[in-house]
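Student: Need a 3D model of the sequence below.
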Amino acid sequence: MTEFQSTHLFTLDELCSLTETSKRTVRYYIQSGLVNRPIGQKRAAYYTEVHLEQLLFINKWQKAGLSLDRIGELLKQQAEPEDLLPRKKTGEIEIWSHLTIDQGVELHIEPSQAGLDSEQVRKLYTAIMSLYMQLKN
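Tutor: Residues are numbered from 1 along each chain as shown. Sure, this is the predicted structure:
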């Protein structure tokens, strides 16, 4: 199967709807080389599952805090980010912080992996609690 062969073909509107990404953003990603160009041009252009996977990959890692430059590197390496993270060793000890925000709402964080010091973790918890209370009210 070539890069552009697919069982599902999408219009730009469908692709945007599936990935919750604006048309403008998709076009920016294409122009930046993060997403492959569509097949065809203008109104006849269509997108494949490869495009869908690329956008979902970008969205996932942007939400995790990675920059577009770093995401581009990952896409070029064609490796899953989990493969690039250090592997945990047997017997390794981690200290996780756990915040119960409300019934069914919890936050788990490992500060050293997140690159946060204890003061930044406190600020994060305070901000999340404040935002959660605003949403509830």
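Student: any low-confidence regions in the protein?
Tutor: Where the chain drops to pLDDT under 70, the residues are 1-7, 78-88.
Student: What residues of stretch 122-135 count as buried?
Tutor: Across stretch 122-135, burial judged by 16 or more other Cβ atoms under 10 Å covers residue 124. Where you see a C-beta, it was placed from the backbone N, CA and C, and this is true even at glycine.
Student: er, stretch 25-38 I mean
Tutor: Residues of stretch 25-38 classed as buried: 25-26, 29-30, 34-35, 38 (neighbour count, 16+ other Cβ under 10 Å).
Student: Now do the contacts for the residue located most distally from the centre of the chain.
Tutor: Taking Cα atoms, centre = their mean, the residue of the chain most remote from its mean C-alpha position is residue 91, at 29.8 Å. Counting by Cβ atoms under 8 Å, 6 or more residues apart in numbering, residue 91 touches no other residue.
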